[in-house]
Structure formats: C-alpha cells, structure tokens
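**Q** Have a look; sequence and predicted model below, questions after that.
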Amino acid sequence: MNREKQIAGLCKLSTFITDFLEMKPENFKENDEEFSALLQKSENENPWFTLENQRIALKKWAALLTNNNLNQWLTAYERSKSSKKVGLILAGNIPMVGFHDVISVILSNHTAVIKLSSKDKNLLPFLLRKWSEFSHGNISYEFVERLQDFDAVIATGSNNTARYLEYYFKDHHSIIRKNRTSIAVLKGDETPEELALLAEDIFRYFGLGCRNVTRIFIPEDFKIDRLFESFLNFQEVINHNKYANNYEYNRAIYLLNQDKFWDNNFVLMKESEDLFSPLAVLHFSRYSKIEEVRNFIKENELNIQAIVAKEDLGLDSIGLGEAQDPGLGTYADHVDTMRFLEVI
C-alpha cells in the first residue's frame, strides 16, 4: 500500500468533513445526505452521541488530518516491512474514539481487522469508505463480528473486561487498555476565562471519556462558587435525559446518606479522595502544598490519562481546555501504538 496516497486520502477526508460541517443542509449532495443521516442514526441509537458532540469530534479530527500534522507524526516511525492483520476491539464511550487506532494500523502498513463498538458503529465505516475512495483503494481494513484471524490485537475495555482480554489474547502481541480518567490541578489564580476552558475538560461528551476530568485539586482557600460560575456554559447538559437521570440518582443517594455535597442544579461536587467520580459528579480535594498532589499522581499514575493544569505548577500537564484535543502523537494509556505496530 502506498503511504503517500494514504496521507493524501486523509487530507481529502479532512476537507470533505470540513466542507460538510460548514455546508447548509439545502446544499447537501448525495454523500452529504448519507453522512447527515448517519449522524442522526447514531444519535437515535445512542443518545449520548448528540449531533453537537458528533460534529465537535468530527471538527477536531478534520483539524488534525493535515499533510503537515500527518507527516510530522509519522517521521518518528519506521513503516513495517511486512503487513500483518491487527485486530481492533474499539471502545464506544465518545464519538470516533477508536479512529486513532484504525489510522495508526493502516498507516503502519497493516490490515485493520475491526470489531466496532455497538455504541459507535455508524461513522467509522462511512469515513473509512471515503478514505479508501480518496486514496484510490490504498488502505486495507475489514469489519468483523468476532476476531479470529489476526497477528496482533489492540483492545479497549473496562478493568473487568481487560482481565478477560489479557487471558484470551495471552499468546498474541497485544495492547490491552483499561479504565482511566483525568484530573485537574488549580493554582488558584486562574482567570474566569481559564476556568471556563476547564469546564470543557469536564463536561464535553458528558464526561464519558477517559480524558475527561473527574477529580480536581484546589488550593485550601479556593471558593467553589468560582467553579460553578465557570460551568454555566454547560448548564444545558441537564436537559439531556440520560445525564439528568444520573444527576438525580446521585443527588438522591447523597441526600439519603446525608453526605455533604455542593449542587448548582446540573452537576454535583463532592469532597473525596476517590479518583473516579460518578457521572454528573465532580470530586475535589484541597491541598496546601503541591507535593501532596505529586504524591497522589505517583500513587495513581496507572489510572490517570491526563493532567490538566497551568504550566507554572511544574506538573507533566496539558493546558486548561486541552483535554479533548490530543495530538496524533498522544497515545491512550501512554503506550506508543505506532512503536508497537513497528515490531509486531
């Protein structure tokens, strides 16, 4: 397969997506009509995949798939000399979450053998068909209901599922991903604009992604009201039925248990040392010295996907508002997928 044609095809796919997102429905052509119908079908089948969130995910991918970005990313890796079949068991927690694995496998000169998530089964087949068309058939992939014929596997699941997958694929080259989440650390001098960016890290995709912030560290004198004010741009989440059900359920549990919590009518904040929080809940804790946060990060590093903080805190972090904008060279669970694909 010709990598130059693959890259050119991805660039054309980026243009196709951008044009679609900017186009008025009355100007749709046949492909656009099909794409629009698939977005609506995805939301109908999985209400977490709202049209807004699907379009945001598509916009982020379109921005990534440029000739410069792709070539800069791929320069660091050797293209595999022998093509293998790589099984992909994709997650479906947020729109297109498995697309990075798919393009990594194909650009590494392998065949992607894809088991789609039942929660996200509409967009990827369409986008891969368009990529194949734009690259003149220079990509190799297939969709399967069950992985059988493969040389290596990349699988994503819950911690319980991962134990099964590790056993099932113990005789194969594999990357098995587990549950992770992200944290934010505030210095205390963040502007309202910066805190509004943090809200994007917390609420985008309803907080269902491993890069969404579920635990926040704040200085001892930080006022919770500042956070609630910064969250207002996302207050419409409570109008989503499934999110509202989670909010009401957790609120009822806290009231029943007489737990202390803060409530702004669309998200609950609870002081807790737990890293993972329930949906519609944000855990927080106060710190007096940044060393306390460093110790927590060290103890929980296998469960933390990303750290959101200002650069001058000296943590290995990304900026506020950047959690859902990973680059092509940012890998889930900090395992370099492309390096893995070089040597299988």
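**A** Yes, it's here. Numbers count the residues shown, from 1 in each chain.
**Q** max-length helix in the chain?
**A** helix 3-22 (DSSP state H).
**Q** Helix or strand next in line after that one, which one?
**A** Per DSSP states H and E, the first helix or strand lying C-terminal to helix 3-22 is helix 30-45.
**Q** Tell me the spacing between the spatially closest residue to I224 that is not a sequence neighbour and L74.
**A** Using CB to CB, 6 or more residues apart in numbering and skipping residues adjacent in sequence, the residue nearest I224 is W262, 5.3 Å away. From N, CA and C alone the C-beta is placed, and that goes for glycine too. W262 sits 46 Å away from L74, going by CB to CB, to the nearest Å.
**Q** Over to N160?
**A** With CB to CB as the criterion, N160 and L74 are 35 Å apart.
**Q** the more surrounded of the two?
**A** Between N160 and L74, counted using other CB atoms under 10 Å, the more crowded position is L74 (19 against 10).
**Q** For that one, which residues are in contact?
**A** R3, I7, L107, M338 (CB atoms under 8 Å, 6 or more residues apart in numbering).
**Q** neighbour-wise, which of those residues leads?
**A** L107 (23 neighbours).
**Q** who are the neighbours of the longest helix of the chain, in terms of helices and strands?
**A** helix 30-45, helix 51-64, helix 67-74, helix 99-107, helix 123-134 (3 or more CB pairs under 8 Å, 6 or more residues apart in numbering; DSSP states H and E).
**Q** okay, the ones you listed, which one's buried deepest?
**A** Across the helices and strands packed on helix 3-22, the average number of neighbours (mean count of other CB atoms under 10 Å) peaks for helix 99-107, which reaches a mean of 23.
**Q** relative orientation of that helix and helix 67-74 in degrees?
**A** Angle between the axes of helix 99-107 and helix 67-74 is 80 degrees (criterion: axes from the mean of the first three to the mean of the last three CA atoms, to 10 degrees).
**Q** So what are the sheet partners of the helix or strand just after helix 99-107 and their directions?
**A** Per DSSP H and E, helix 99-107 leads on to strand 111-115 as the next helix or strand towards the C-terminus. According to DSSP bridges, strand 111-115 has the following sheet partners: strand 85-89 (parallel), strand 141-143 (parallel).
**Q** Contacts for the longest one, please.
**A** This means strand 85-89. Taking CB under 8 Å, 6+ apart as the rule, strand 85-89 contacts 98, 101-102, 105, 110-115, 147, 149-157, 165, 341, 344.
**Q** Just the C-alphas of the longest helix of the chain, formatted as CSV.
**A** This file holds the C-alpha atoms of helix 3-22, laid out as CSV (Å, rounded to 0.1, in the frame of the first residue of the first chain):
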residue,chain,number,x,y,z
ARG,A,3,1.6,5.7,2.2
GLU,A,4,1.7,8.9,0.2
LYS,A,5,-1.7,8.1,-1.3
GLN,A,6,-3.0,7.2,2.2
ILE,A,7,-1.9,10.5,3.6
ALA,A,8,-3.3,12.4,0.6
GLY,A,9,-6.6,10.5,1.1
LEU,A,10,-6.7,11.5,4.8
CYS,A,11,-6.2,15.2,3.8
LYS,A,12,-9.0,14.9,1.3
LEU,A,13,-11.2,13.3,4.0
SER,A,14,-10.4,16.3,6.3
THR,A,15,-11.5,18.6,3.5
PHE,A,16,-14.7,16.6,3.0
ILE,A,17,-15.6,16.7,6.7
THR,A,18,-14.8,20.4,7.0
ASP,A,19,-17.0,21.2,3.9
PHE,A,20,-19.8,19.1,5.3
LEU,A,21,-19.7,20.8,8.7
GLU,A,22,-19.8,24.2,7.1
